[in-house]
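>>> okay, predicted coordinates and the sequence, questions at the end:
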There are 4 protein chains.
Amino acid sequence: MQDYQWLDELLEKQMPNMTAKKREIVKAALCLFSEKGYAATSTKEIAAMAGVSEGAIFKHFSSKRELMLSLIDVIIEEIMLTLFYTGLPELLEKEYENYEEFLTALARNRLSIITKGISIYKILIQEIPFHPEIREKLQKKVAQVPMAELFSHLSIRGLELQRPVGEVVITLATCFCGFVQTRYLIVPEFFNRMSPEEREKDMVEFIRFLVKGLELAEPSSVGGSK
Amino acid sequence: MQDYQWLDELLEKQMPNMTAKKREIVKAALCLFSEKGYAATSTKEIAAMAGVSEGAIFKHFSSKRELMLSLIDVIIEEIMLTLFYTGLPELLEKEYENYEEFLTALARNRLSIITKGISIYKILIQEIPFHPEIREKLQKKVAQVPMAELFSHLSIRGLELQRPVGEVVITLATCFCGFVQTRYLIVPEFFNRMSPEEREKDMVEFIRFLVKGLELAEPSSVGGSK
Amino acid sequence: MQDYQWLDELLEKQMPNMTAKKREIVKAALCLFSEKGYAATSTKEIAAMAGVSEGAIFKHFSSKRELMLSLIDVIIEEIMLTLFYTGLPELLEKEYENYEEFLTALARNRLSIITKGISIYKILIQEIPFHPEIREKLQKKVAQVPMAELFSHLSIRGLELQRPVGEVVITLATCFCGFVQTRYLIVPEFFNRMSPEEREKDMVEFIRFLVKGLELAEPSSVGGSK
Amino acid sequence: MQDYQWLDELLEKQMPNMTAKKREIVKAALCLFSEKGYAATSTKEIAAMAGVSEGAIFKHFSSKRELMLSLIDVIIEEIMLTLFYTGLPELLEKEYENYEEFLTALARNRLSIITKGISIYKILIQEIPFHPEIREKLQKKVAQVPMAELFSHLSIRGLELQRPVGEVVITLATCFCGFVQTRYLIVPEFFNRMSPEEREKDMVEFIRFLVKGLELAEPSSVGGSK
DNA sequence: CATGAATGAGGCTTCATTCAT
DNA sequence: CATGAATGAAGCCTCATTCAT
């Protein structure tokens, strides 16, 4: 099961009083769903990879579907935590010359979070089209994030977005999705062949594009005139 | 099978000497794969929706997998034709004030093509992570498109890209993927609720973002004032 | 379809007014049944090997079973002709010193007939256990052979069997079956590796054994005293 | 499932730690394969006769083919044990007047073993032409039997074979095969109608033939310690 | 509490056979 | 008359799930 140590930590963090066996099942499921998709993965395979009996899965989860949805819960929770909150206070507290600088920091931070635990994003993206429950859960969770509030700290310090926060968030989400999609799902072979430097460059270029696109450069030039 | 008339036309165009029944099978498969995914669709369902016996499917396709790959071939072919070639000559011939104007036209054109035959993009995006053959096929096809050449006409007329064509294409592809992904796969319910006007606005905003991001506005305007 | 020319001749002889296509079907069926067995051979394969459409088979034979039974008819007929009658008059007319000499000639003659058209014996032996009709047909046909009469010519000339004709025939049949069975069905690889000389030796030994076993040597020696 | 008690014992002996259900499957398979042949027997039938679900078969055997090969393993093992070893020591230890007497005892002994568990020989003989693996297995096993050694005890006691052991064994095998083939596969109806006495007589005659044929009588008489 | 044998519905595929063309 | 598309029953096998041990 490769280097899924980070997964162990994730599960320990989110489900601390989970038995070792249950954790193994979740890990195996995550690993296999990510590689082959939910529908194409059998409970037998999961049991085999987890090193438990087939029956054990159903002791812990009432059905394969429920196992997947539990998994998705963990994933969404993790995404919420890391993507929307982790490191944000620090990011927001820091002083920035202008919005561009801030957004660059933000985008870089978020993208590196994503690329770290890529398998969990893969599952989410892959399964979301087929399971309305997942979509509902995700929307509910995302809706709870006080987007505007997160960004409000900044305006106090004189950094203004040129567009409504909602729009910016949607655009960012769209682009992040596209980034993961293309790099990790559509042509993974292509991006896997890249050296770390090339990847860094690829990411930097994309961030530059994002920042430019969000019209954040302009105000800075305006701000520059002050 | 809903309003899949455009599909009929597509199939007639691409596989003109296909029997009616074979076409029905392909249509049903496309419809179901798009909704439930390849792995979760049974050949029985396909047969039922196509109004044929299950055996008939295997008279035309040696396996379920082959049916899917045939479908993908059609889809890729169609995408190549519409996305890379359809309407491009006209777009490229026209006179543009600056690259921004051109790219706006281009993006709008491409996006509307995509949103028209959305199911075929859905299938592609949904199945691509699970089938290396599809990725190979797609890469091979895309690699054949003379990207630079397509854009070369423009530089003659004084419209210069600020970035290497390759980068621009990748960025555009990334964003288009993200656009489809978010609007049609991740939260389709959200975007389905939109009025045509709202959708138009959504698209316009996104195009503006794209164009800005590709640094095409600034230089041209700057260059213009120089 | 290998060197099945003798089959062509056989069919021409037995079913002279058979269309070319029908003959091809019979040949293909014979070939495949002999190799894989009736149950494991599909009509599709037969059609493919015969170079005709699947439907064509059913124009000529009402069912796969009937095709097989027709085949068996041909085979039984052929066996009757070659095994019980072909060359027998000559064999019987000749002068022999003693029964041993005659039986040696007979056994050699019969065995070489068998090994020539081995595929048809293979089919018969392979399918006989599973189809009562075949057994009935065979018994009926064999019962019609005037065994005693065939041998009666000999006693006139002073050659006496030490055992009832029926017993001798059964024993011979048993041994011939065993010979074909072991050499061609049970360990064909072993006997295929043999050189023609080795095969000849193998057969000679077996004939010697047969003749000895049928107690034909002894009386002759007794007869010798006459 | 008729009188297959001996099969129960056989399986208990050879696969002692086999679950009851697995044994039922094997028994049913053996029974059906023997009657209808491997290719014409469906897993559903086997399941029905064994009184288990179809799925159960595949919990125990990875495929229908593997079930058959397992069966064949058991059969070959059994044949090796009973045909080559069971009772041989006793047979060999006893005192015999001459080789004829010994061989008569041997043949009678072997033939009665065969006719007892006839179904397993039927399967072997029926399936052998279609499955090279079976042939290989059988040859490997048979090659391991120390034929010459088995007979060597005898020469010490002054009983000499007139022919090389190998030849004798092949001839015996050939005849035994032919005996089973004709009596149980080719015209079972005929031999089934026989009274026990008639069968006994049939067997005795055949043994006499065998012994004569192997030239064992003569030398001994010549050897005429008489 | 864990196991893995058991289930039976359902998966994909092949079959012999029919029938419109 | 030949074709091969069409059929639907049946084939082998896998599935998620249950339950006795």
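Structure's in. What do you need?
>>> now do the helices in chain A.
A:5-14, A:20-36, A:43-50, A:54-60, A:64-79, A:88-93, A:99-116, A:118-127, A:132-144, A:147-156, A:165-180, A:188-192, A:196-213, A:217-225 (DSSP state H).
>>> format these as a markdown table; extra columns: mean pLDDT.
Shown next, in a markdown table, are those (pLDDT from 0 to 100):
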| stretch | mean pLDDT |
| --- | --- |
| helix A:5-14 | 78 |
| helix A:20-36 | 92 |
| helix A:43-50 | 95 |
| helix A:54-60 | 94 |
| helix A:64-79 | 92 |
| helix A:88-93 | 75 |
| helix A:99-116 | 80 |
| helix A:118-127 | 90 |
| helix A:132-144 | 91 |
| helix A:147-156 | 72 |
| helix A:165-180 | 89 |
| helix A:188-192 | 90 |
| helix A:196-213 | 89 |
| helix A:217-225 | 41 |
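>>> do you know which of those helices lies nearest residue C:164?
helix A:43-50 (65.4 Å; Cβ to Cβ). Where C-beta positions appear, they are placed from N, C-alpha and C, glycine not excepted.
>>> same question for stretch A:54-64: list its buried residues.
Buried residues in stretch A:54-64, defined by neighbour count with 16 or more other Cβ atoms under 10 Å in any protein chain shown: A:56, A:57, A:60, A:61, A:64.
>>> domain ranges for chain A?
Split into domains by automatic domain parsing, chain A comes to A:5-61, A:72-225.
>>> chain D is nearest to which of those domains?
Comparing the domains of chain A against chain D with Cβ to the nearest Cβ, the closest turns out to be domain A:5-61 (10.8 Å).
>>> that closest one vs DNA strand F: in contact?
Yes: using Cβ under 7 Å from any atom of the strand, domain A:5-61 reaches DNA strand F at A:41, A:42, A:43, A:44, A:54, A:55, A:57, A:58.
>>> picking up where we left off before, could you dump the helices of chain A to CSV with distance to residue B:74?
Listed next are those as CSV, based on distance: least, Cβ to Cβ, whole Å:
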stretch, distance to residue B:74
helix A:5-14, 39
helix A:20-36, 24
helix A:43-50, 32
helix A:54-60, 39
helix A:64-79, 31
helix A:88-93, 45
helix A:99-116, 33
helix A:118-127, 23
helix A:132-144, 28
helix A:147-156, 41
helix A:165-180, 24
helix A:188-192, 23
helix A:196-213, 32
helix A:217-225, 43
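>>> got those helices as JSON lines, with distance to DNA strand E columns?
Converted to JSON lines, the helices of chain A look like this (distance: least, Cβ to the nearest atom of the strand, whole Å):
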{"stretch": "helix A:5-14", "distance to DNA strand E": "16"}
{"stretch": "helix A:20-36", "distance to DNA strand E": "5"}
{"stretch": "helix A:43-50", "distance to DNA strand E": "8"}
{"stretch": "helix A:54-60", "distance to DNA strand E": "2"}
{"stretch": "helix A:64-79", "distance to DNA strand E": "12"}
{"stretch": "helix A:88-93", "distance to DNA strand E": "39"}
{"stretch": "helix A:99-116", "distance to DNA strand E": "31"}
{"stretch": "helix A:118-127", "distance to DNA strand E": "18"}
{"stretch": "helix A:132-144", "distance to DNA strand E": "20"}
{"stretch": "helix A:147-156", "distance to DNA strand E": "42"}
{"stretch": "helix A:165-180", "distance to DNA strand E": "29"}
{"stretch": "helix A:188-192", "distance to DNA strand E": "26"}
{"stretch": "helix A:196-213", "distance to DNA strand E": "38"}
{"stretch": "helix A:217-225", "distance to DNA strand E": "51"}
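>>> those: which one's closest to residue B:167?
Of the helices of chain A, the one closest to residue B:167 (Cβ to Cβ) turns out to be helix A:196-213, at 6.4 Å.
>>> so which bits of the closest one are buried?
Those would be A:202, A:203, A:206, A:207, A:208, A:209, A:210, A:211, A:212, A:213, for helix A:196-213 by 16+ other Cβ under 10 Å.
>>> and the first one, what does it touch?
For residue A:202, the contacting residues are A:183, A:191, A:194, by Cβ atoms under 8 Å, 6 or more residues apart in numbering or on different chains.
>>> out of those residues, which end up buried?
Judged by 16+ other Cβ under 10 Å, buried ones among these: residue A:183.
>>> mind putting the contacts of residue A:202 into JSON lines with distance to chain C?
Formatted as JSON lines, the contacts of residue A:202 follow (distance: Cβ to the nearest Cβ, whole Å):
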{"residue": "A:183", "distance to chain C": "47"}
{"residue": "A:191", "distance to chain C": "46"}
{"residue": "A:194", "distance to chain C": "49"}
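>>> between the contacts of residue A:202, which is closest to residue C:26?
Using Cβ to Cβ, the contacts of residue A:202 come closest to residue C:26 at residue A:191, 60.6 Å.
>>> thinking the closest one is in contact with residue A:183, fair?
Yes: using Cβ atoms under 8 Å, residue A:191 is in contact with residue A:183, at 4.5 Å.
>>> just to revisit the earlier point, tell me which two in the residues of domain A:5-61 next to DNA strand F are the farthest apart.
A:41 and A:55, at 17.5 Å, using Cβ to Cβ across those.
>>> from what I see, residue A:7 and residue A:24 are in contact.
No: using Cβ under 8 Å, residue A:7 is not in contact with residue A:24; the gap is 10.6 Å.
>>> residues near the closest residue to residue A:80 other than its chain neighbours, how many?
Nearest residue to residue A:80, sequence neighbours excluded (Cβ to Cβ, 6 or more residues apart in numbering or on different chains): residue A:141, at 5.6 Å. A total of 15 residues lie near residue A:141 under the criterion other Cβ atoms under 10 Å in any protein chain shown.
>>> what do you get for residue A:152?
12.
>>> give me every residue in chain A lying close to DNA strand F.
Taking Cβ under 7 Å from any atom of the strand, the part of chain A that reaches DNA strand F is made up of A:41, A:42, A:43, A:44, A:54, A:55, A:57, A:58, A:62, A:63, A:64, A:65.
>>> out of those, the closest to residue B:168 would be?
residue A:41 (38.1 Å).
>>> for the closest one, the count of nearby residues, please.
There are 21 residues near residue A:41, going by other Cβ under 10 Å.
>>> of the buried residues of helix A:196-213, which is the nearest to chain B?
Nearest member of these to chain B, counting by Cβ to the nearest Cβ, is residue A:213, at 2.7 Å.
>>> wouldn't the closest one be in contact with residue B:209 here?
Yes: if you go by Cβ under 8 Å, residue A:213 and residue B:209 touch, sitting 4.3 Å apart.
>>> any residues in contact with both of those two?
With Cβ under 8 Å, 6+ apart as the test, residue A:213 and residue B:209 both reach residue A:171.
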